[in-house]
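Colleague: following is a predicted model, sequence given first.
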Protein chains: 2
Amino acid sequence: MDFCGKPVRSRSKYASDVKRQCFMPTGHSGKCHEFPYLAHLDRVAPKVADKIVRDSTMTTGASWKSADAGPNRILRWVMLRSDEELRKLGIDMKGLKPQVVAKLREKAADYASCMAVAKTLTAAAYSMPNAPEAPKPIAEYLAACGMPIVPHTTRCLVCRGLLDFKLFAEAKRGKAEIETSHSNPRLHRPDNVGFAHRACNIAQGNKTLDEFYDWIKEILRATSRCD
Amino acid sequence: MDFCGKPVRSRSKYASDVKRQCFMPTGHSGKCHEFPYLAHLDRVAPKVADKIVRDSTMTTGASWKSADAGPNRILRWVMLRSDEELRKLGIDMKGLKPQVVAKLREKAADYASCMAVAKTLTAAAYSMPNAPEAPKPIAEYLAACGMPIVPHTTRCLVCRGLLDFKLFAEAKRGKAEIETSHSNPRLHRPDNVGFAHRACNIAQGNKTLDEFYDWIKEILRATSRCD
């Protein structure tokens, strides 16, 4: 599928060199749009649409914002730049705690990967039990991108349980019950990303899924509970 | 074993009604002390001694401190009081987020339980591989309390791997590699407490150990990895 590709305006103060693009089909009518496939979710489940944009494109540096913790969320492709370039943009990486720098840096990803992740997550959200039905043009668009919606099939990346769309709206202690998850936490790519239960994502931590499964298998062996 | 039991001074501003006590043996000479069995660790591994006192006696409300998050750490027995009593002490529970209140309240414990937990954790620390050797009076004291030191036996409460004392000094991303852990996270009692790897403790989350093992067993079943 060919995209329009015209530059769209970015509100980020770190926008200088990466040109964000229009992902409407070539020759589209009407306005350009970076996330045209989110137009429907934006109306019927705006928090889910926001989450998909945020998780595809932004890092998390820390759960709080302070001089020490640095910028809480920053565009993933900005984190590909050198300390020197970031300094010019007003981000002093050398002033941040090493653990915060590590967390920010390992979430870096190029713009194309982030855009592909956004499509993958959108298709995954529409493929959940109890998801709203996608308008035909959006379903066709995602299918043409190689990310078809297959209703009632989205499973937690970690425990493989079906993920109900309603869980997006549920929160325990202020934390959403569904999180964006990575098979390998250090690769932000469409083939490596999905949704997971919050508890599953936390338990996986910074291990790859294979490492996680090996680890819990060992725990069950050590406690003689694997039968 | 009988304790002196004389009141020791507390620096807490919430000290009003619970009398903190001297846990030196009855008829001891010299000064009273609430944690006499920590005197040696206090010299050779002060951070470990501090951690034992802190984890036995204090709640964690949130990982940060703000008006919203409330007091970051507070004495566990203070958290047994009513909202009304706490208001008089300057703690406005009604002004805190419900998730913070829940987290603080479930960490409440009475003074006697906290003191017993401190002894259990001290014996567990001395029983780790590479732990310093306890002076004989301390070893005898803990044994008399029913918490004997058994060198080279302390295991992670979750994965059952031996816990090396050196891990106390190791930190990844600013977080210590050993955490105080509870078989049932809602019971702060000596029979329910121990040390665990940080990743193990995080993975367990707010599940009891039994719930955690059942859960990971299910994950391995669902991913066909339990053999």
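Modeller: Sure thing, it's come through.

Colleague: do you know how far A:A169 is from A:A45?
Modeller: Separation of A:A169 from A:A45 (C-beta to C-beta, to the nearest Å): 8 Å. The way it works is simple: take the backbone N, C-alpha and C, and place the C-beta from them, glycine included.

Colleague: typo on my end, A:F165
Modeller: In terms of C-beta to C-beta, A:F165 sits 8 Å off from A:A45.

Colleague: now swap in A:K97 and tell me
Modeller: Counting by C-beta to C-beta - A:K97 and A:A45 are separated by 36 Å.

Colleague: the two: which is more packed in?
Modeller: Between A:K97 and A:A45, counted using other C-beta atoms under 10 Å in any protein chain shown, the more crowded position is A:A45 (19 against 15).

Colleague: could you chop chain A up by domain?
Modeller: The record's domain parsing of chain A by automatic domain parsing lists A:1-34, A:36-59+A:108-221.

Colleague: and among the ones you listed, the most buried is which?
Modeller: Mean neighbour count (mean count of other C-beta atoms under 10 Å in any protein chain shown) peaks for domain A:36-59+A:108-221 among the domains of chain A, with a mean of 18.

Colleague: any part of that domain near chain B?
Modeller: Yes: interface with chain B: domain A:36-59+A:108-221 contributes A:158-161, A:172-175, A:199-200, A:202-203, A:205, A:207, A:213, A:215-220 (C-beta under 8 Å from any C-beta of the partner chain).

Colleague: could you tell me how far that domain lies from the centre of the chain?
Modeller: Centre-to-centre, domain A:36-59+A:108-221 and its host chain are 7 Å apart (C-alpha atoms, centre = their mean, to the nearest Å).

Colleague: report the mean per-residue pLDDT for it.
Modeller: Domain A:36-59+A:108-221 carries an average pLDDT of 94.

Colleague: would you map the strands across chain A?
Modeller: With strands called from DSSP state E, chain A shows them at A:171-172, A:175-176, A:178-182, A:193-197.

Colleague: which outside residues touch the second one?
Modeller: When contacts are taken as C-beta atoms under 8 Å, 6 or more residues apart in numbering or on different chains, the neighbours of strand A:175-176 outside the stretch itself are A:K51, A:L167, A:F168, A:E170, A:R198, B:Q99.

Colleague: what do you get if the cut-off is 7 Å, keeping everything else the same?
Modeller: With contact meaning C-beta atoms under 7 Å, 6 or more residues apart in numbering or on different chains, strand A:175-176 is reached by A:F168, A:R198.

Colleague: circling back: okay, the domains of chain A in CSV with distance to B:P7 next?
Modeller: Output for those, formatted as CSV (distance: least, C-beta to C-beta, whole Å):
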stretch, distance to B:P7
domain A:1-34, 58
domain A:36-59+A:108-221, 37
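
Colleague: can you check the pLDDT for A:D83?
Modeller: Looking at A:D83, its pLDDT is 92.

Colleague: contact partners for it?
Modeller: By C-beta under 7 Å, 6+ apart, the contact set of A:D83 is A:M93, A:K94.

Colleague: for it, give its distance to chain B.
Modeller: Applying C-beta to the nearest C-beta, to the nearest Å, the value for A:D83 to chain B is 19 Å.

Colleague: next, A:L89: phi, psi?
Modeller: Here is the backbone geometry of A:L89 (degrees, to the nearest 10): phi -90, psi 0.

Colleague: ok, how many other residues are close to it?
Modeller: Look at A:L89: counted by other C-beta under 10 Å, it has 15 neighbours.

Colleague: that one and A:A108, how far apart?
Modeller: Relative to A:A108, A:L89 is positioned 14 Å away (C-beta to C-beta).

Colleague: go on, A:P7?
Modeller: A:P7 is 22 Å from A:A108, by C-beta to C-beta.

Colleague: which one of the domains of chain A lies nearest to B:R76?
Modeller: Set against B:R76 and scored by C-beta to C-beta, the domains of chain A come closest in domain A:36-59+A:108-221, at 19.2 Å.

Colleague: any idea how far chain B is from the residue lying closest to A:T120 once chain neighbours are set aside?
Modeller: Spatially, and ignoring its direct neighbours in sequence, A:T120 is nearest to A:P190 (4.2 Å; C-beta to C-beta, 6 or more residues apart in numbering or on different chains). Separation of A:P190 from chain B (C-beta to the nearest C-beta): 21 Å.

Colleague: surely A:P190 touches A:V117?
Modeller: Yes: using C-beta atoms under 7 Å, A:P190 is in contact with A:V117, at 5.4 Å.

Colleague: just the helices in chain A please.
Modeller: For chain A, the helices defined by DSSP state H cover A:39-44, A:46-57, A:83-88, A:98-105, A:111-126, A:136-144, A:198-204, A:209-222.

Colleague: what touches both of A:A169 and A:A45?
Modeller: With C-beta under 7 Å, 6+ apart as the test, A:A169 and A:A45 reach no residue in common.

Colleague: contacting residues around the residue lying closest to A:S127 once chain neighbours are set aside?
Modeller: Nearest non-adjacent residue to A:S127, counting by C-beta to C-beta, 6+ apart: A:T154, 4.3 Å away. Shown in contact with A:T154 (C-beta under 7 Å, 6+ apart): A:A124, A:S127, A:M128, A:L163, A:F195.
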